[in-house]
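Asker: just a sequence and a predicted model for now, questions to come.
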Amino acid sequence: MRSGDIVIQAVTGQSMFRLLWDWFAKFFKLPAREAAHQEFRGKRLLIDTKPRLPISIDGEVLARTPATVEVAEAAIEIVVPAEHA
């Protein structure tokens, strides 16, 4: 499926424990793994928090809020081997 949307998962709560729990629950695929975050989708999103917070992208802290993110057309190219007959 190709939606062209950016998906942002924001861990909710006000403690570091909540973030650790979110990582733990996802790693061990616990049934409660969806409870600690809120998901946002769109072509262009503004992320803003008070206080300013770090943003983790694929597990690395690469930015801080506020930040605007948007879809870049043809940013990813995927090549797969063809099946031989």
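Answerer: Thanks, I have it.
Asker: hang on, F24 in a helix?
Answerer: Yes - checked against DSSP: H, G, I helix; E, B strand; the rest coil, F24 lies within a helix.
Asker: quick one, strands of this protein?
Answerer: 6-11, 37-42, 44-47, 54-57, 60-64, 67-70 (DSSP state E).
Asker: for the second one, packing partners?
Answerer: Think strand 37-42. strand 6-11 (3 or more CB pairs under 8 Å, 6 or more residues apart in numbering; DSSP states H and E). For the C-beta atoms, the positions are set from N, CA and C on the backbone; glycine is no exception.
Asker: what does the last one give?
Answerer: Applying 3+ CB pairs under 8 Å, 6+ apart, one finds that strand 67-70 contacts strand 6-11, strand 44-47.
Asker: I'd like the average pLDDT over the last one.
Answerer: Strand 44-47 shows a mean pLDDT of 95 in the predicted model.
Asker: for W21, find the nearest of the helices and strands packed on strand 67-70.
Answerer: strand 6-11 (8.8 Å; CB to CB).
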